[in-house]
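Participant: Fold the following.
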Amino acid sequence: MRVLGLDYGSKTVGVALTDEMGIIASPLETIERDMESKIRPTLRRIEELVHKYEVSFIVLGYPVKMSGEVGERALKTEEFKVLLEKRLGESVPVRLWDERLSTADAREILDESGIKRSEQKKYIDKIAAALILEDYMKNSKDYACNP
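Facilitator: Below is the predicted model of the structure:
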């Protein structure tokens, strides 16, 4: 059972993937686009990854505010979820997961690794996606690999 993790942003989508046993989440890639409105190539790439890796479901980072409120980014993420579900059909469910602080945690990991801030852009989104997916795996009561 493989799971895809996504960190949806206005110009990038960080992608992470579990191993075949669904135990380890690893950064996979960052999908980039010129404009937020150009979403079709992003959806197509995610669909390719879902088929290539035989993904069972997707965990999509849900950027609620620190207060728990749903803001503009969270609403755009909900819209993206609907588009993904239309593209993939019912066979690959998309689950929203609270992603508060995932990007900050990713930046901290990169800082501690000694990667210069100017170089972090190419890593941060896929690491944030891996952190979202890892948090889901550890804390979701619905995740099959949870003890």
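Participant: so how far is Val3 from the residue of the chain most remote from its centre?
Facilitator: Within the chain, the residue lying farthest from the chain centre (CA atoms, centre = their mean) is Gly114, at 23.8 Å. In this view, Gly114 and Val3 are 30 Å apart by CB to CB, to the nearest Å. All C-beta spots, glycine's among them, are computed from the backbone N, C-alpha and C.
Participant: what's the answer for Ser56, then?
Facilitator: 6 Å.
Participant: Tell me where the model's unsure across this protein.
Facilitator: Scanning the chain with the threshold set as pLDDT under 70 gives 101, 110, 144-147.
Participant: Show me the helices in it, by range?
Facilitator: Taking DSSP state H to define them, one finds helices in the chain at 40-52, 72-88, 102-112, 117-139.
Participant: Tell me which of those sits nearest to Val13.
Facilitator: helix 40-52 (5.7 Å; CB to CB).
Participant: which of the residues in the closest one are buried?
Facilitator: Within helix 40-52, the residues that count as buried by 16 or more other CB atoms under 10 Å are Thr42, Leu43, Arg45, Ile46, Glu47, Leu49, Val50.
Participant: Lys11: which of those residues is nearest?
Facilitator: Thr42 (10.0 Å).
Participant: Next one: that closest one relative to Ile31, how far apart?
Facilitator: Counting by CB to CB, the gap from Thr42 to Ile31 is 5 Å.
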